[in-house]
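J.: The sequence isn't on hand, but the structure is:
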C-alpha cells in the first residue's frame with residue numbers, strides 16, 4: 001500500500017486564484033488577499049456592466065449579459081488599491097475561443113452575432129461561415145459571449 005502522505009508531498013500546491021478571471025487593474029494575484037479585509041465591496045457596486053461578482057472574497061468577472069468596457073470604475077472605487085488605474089491592462093487575462101461544434105456559422109447557418117458586437121473587429125469570417133478570433137485584436141472583453149445564441153464562445157483564462 002502506498003503512503004498517501006509521500007504521494008501528496010510531490011503534488012503541486014494550487015493557487016486559490018488560478019481559475020478566476022479578475023478585473024484588469026491588479027499588479028499581482030497575491031494582492032487580492034487584501035480583499036478579504038474589505039467590507040464594502042465597492043468594486044462590485046461600481047461596475048456599470050454588473051459583471052463583477054465576489055467569490056471567495058475576491059472580485060472576479062463573470063460574463064453573462066454584458067462584457068468589460070475597461071471603464072476604470074472598479075479600480076477607482078477600490079479602497080485598498082488592489083485594483084488601481086496605474087496597473088490597468090489593455091486586455092483581460094482571457095482568451096476567447098469559438099467552439100465549432102456549437103457555433104451556428106460553423107454549422108452552415110448565417111449568424112454574425114459575435115462579429116456585430118465586437119468593437120475591436122477581432123472576429124473574422126471566412127466568407128459567410130467559419131468565424132475565427134484574431135487574438136492580437138481581441139481584448140477578452142466578453143461581449144461576444146453574451147450575444148452568442150448557442151454559447152459557442154468559451155473562455156480560456158490565461
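T.: Nice, thanks for sending it over. From a predicted model like this one, the values you see are computed outputs, not experimental measurements. Numbers count the residues shown, from 1 in each chain.

J.: Please report the distance of residue 122 from residue 32.
T.: As for residue 122, its distance to residue 32 is 28 Å (criterion: C-beta to C-beta, to the nearest Å). From N, CA and C alone the C-beta is placed, and that goes for glycine too.

J.: no wait, residue 85
T.: As for residue 85, its distance to residue 32 is 17 Å (criterion: C-beta to C-beta).

J.: Which one's more surrounded, the two?
T.: For residue 85 versus residue 32, the count of surrounding residues by other C-beta atoms under 10 Å is larger for residue 32: 21 against 11.

J.: Which strand residues bridge the closest residue to that one other than its chain neighbours?
T.: Using C-beta to C-beta, 6 or more residues apart in numbering and skipping residues adjacent in sequence, the residue nearest residue 32 is residue 58, 4.9 Å away. Using DSSP bridges, the beta-bridge partners of residue 58 come out as residue 55.

J.: so what's residue 58 up against?
T.: Residue 58 sits next to 17, 20, 22, 32, 35 when contact means C-beta atoms under 8 Å, 6 or more residues apart in numbering.

J.: did I read that right, the last one in a helix?
T.: The reference is to residue 35. Yes. Assigned with DSSP: H, G, I helix; E, B strand; the rest coil, residue 35 falls within a helix.

J.: okay, now it: neighbour count?
T.: When neighbours are defined as other C-beta under 10 Å, residue 35 has 19 of them.

J.: Enumerate the helices of this structure by residue range, in sequence order.
T.: 4-9, 42-46, 73-77, 113-117, 143-147 (DSSP state H).

J.: which helices and strands does the last one pack with?
T.: Pointing back at helix 143-147 there. helix 113-117, strand 153-157 (3 or more C-beta pairs under 8 Å, 6 or more residues apart in numbering; DSSP states H and E).

J.: Confirm for me that residue 106 is in contact with residue 126.
T.: No. Using C-beta atoms under 8 Å, residue 106 is not in contact with residue 126, being 10.1 Å away.

J.: Against residue 61, how distant is the spatially closest residue to residue 156 that is not a sequence neighbour?
T.: The shortest distance from residue 156 to any non-neighbouring residue, by C-beta to C-beta, 6+ apart, is to residue 95 (4.5 Å). From residue 95 over to residue 61 the distance is 14 Å, taken as C-beta to C-beta.
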